[in-house]
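> Sequence and predicted structure are below.
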Amino acid sequence: MDIKNIDEATNVSMENQPEVNFSNETYAWYRYFARSLDLSFATLVAGFALFPVLFIFPNMNEAAATVLYIILAVMLSIVLEAGMLALFGTTLSKLAFGIQVLNKDEKRLTFKQGIRRCVSVWIRGLAFGIPVAILAAQWRAHERLIDKGITSWDEIGGLTVKHKRINKLRAALFIILDIALTISLYIL
């Protein structure tokens, strides 16, 4: 089956959906939790990918394994998200929260546009994952999204983010899933 866009994949059209006010705090938080879920899924995939490496190199010290794991998770998150945005205009987590990312022509991003956006998110929105800096970067991105209705990385890329109204129970379930997954990743 050849899936051309998110509408075909989900049988949900973004057309005829009520406009969502981007200054609405709720949708900023939906974007946060969608990003968090995307990162958690990439982290899980990285863990599964790293598992065989630990058998090949059983003497790898914990610090080296941790650094390799982080690098692999970041690279996977960028490539997986860019690929999903190019193929469907969304990721599984963004789809769960009714979020679609399109170019200025309101078409799906190219893979190259997706890579640029994801790298820009890692730099501007996640501050390379550096503790404390990430909090400041996320706060700045949140405030800009509320004030201007667009993040710096989407504005620079000439991108549009569309939101579809979703059921609050659905949002709550995915937020709980995100929190549970994040906690379990830290425990493991």
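Now that the structure is in, tell me what you want to look at. Numbering: from 1, shown residues only.

> ranges for the helices of this structure?
Using DSSP state H, the helices found in the chain span residues 6-10, 25-56, 62-88, 92-96, 111-120, 133-148, 152-157, 168-187.

> nearest to D105, of those?
Of all those, helix 111-120 sits nearest to D105, with 11.1 Å by Cβ to Cβ. From N, CA and C alone the C-beta is placed, and that goes for glycine too.

> just for the protein, where's the confidence low?
Low-confidence segments of the chain, defined by pLDDT under 70: 1-24.

> ok, back up a step: what's the most buried one of the helices of the chain?
Stretch with highest mean neighbour count among the helices of the chain: helix 92-96 (a mean of 21; mean count of other Cβ atoms under 10 Å).

> Make CSV from the helices of the chain and add distance to L102 to it.
CSV is the format used below for the helices of the chain (distance: least, Cβ to Cβ, whole Å):
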stretch, distance to L102
helix 6-10, 9
helix 25-56, 15
helix 62-88, 9
helix 92-96, 12
helix 111-120, 10
helix 133-148, 17
helix 152-157, 10
helix 168-187, 22
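
> So for A127, which of the ones you listed sits nearest?
Closest of those to A127 is helix 133-148, at 3.8 Å (criterion: Cβ to Cβ).

> neighbouring contacts of that closest one?
With contacts defined as Cβ atoms under 8 Å, 6 or more residues apart in numbering, helix 133-148 is touched by 22-23, 25, 28, 31-32, 124-127, 150-152, 155.

> mind running it again at 7 Å?
The list of residues contacting helix 133-148 from outside it, by Cβ atoms under 7 Å, 6 or more residues apart in numbering, reads S23, E25, A28, R124, G125, L126, A127, T151, S152.

> Make sure the fifth one is actually in contact with I156.
No: distance between G125 and I156: 11.7 Å, which falls outside the contact criterion (Cβ atoms under 7 Å).

> before we move on, the earlier item: among the contacts of helix 133-148, which one lies nearest to L50?
Scanning the contacts of helix 133-148 for proximity to L50, where the rule is Cβ to Cβ, the winner is L126, at 20.7 Å.

> phi, psi of that closest one?
Recorded main-chain torsions at L126 are phi -120, psi 0, according to degrees, to the nearest 10.

> measure it to A133 for me?
According to Cβ to Cβ, to the nearest Å, L126 and A133 sit 9 Å apart.

> so L68 touches L50, yeah?
Yes: contact between L68 and L50 holds when scored by Cβ under 7 Å: they sit 6.4 Å apart.

> ok, the residue minimising distance to the centre of the chain to K107 distance?
Centre of the chain computed as the mean C-alpha position; nearest residue by Cα atoms, centre = their mean is R35, 3.3 Å away. R35 sits 22 Å away from K107, going by Cβ to Cβ.
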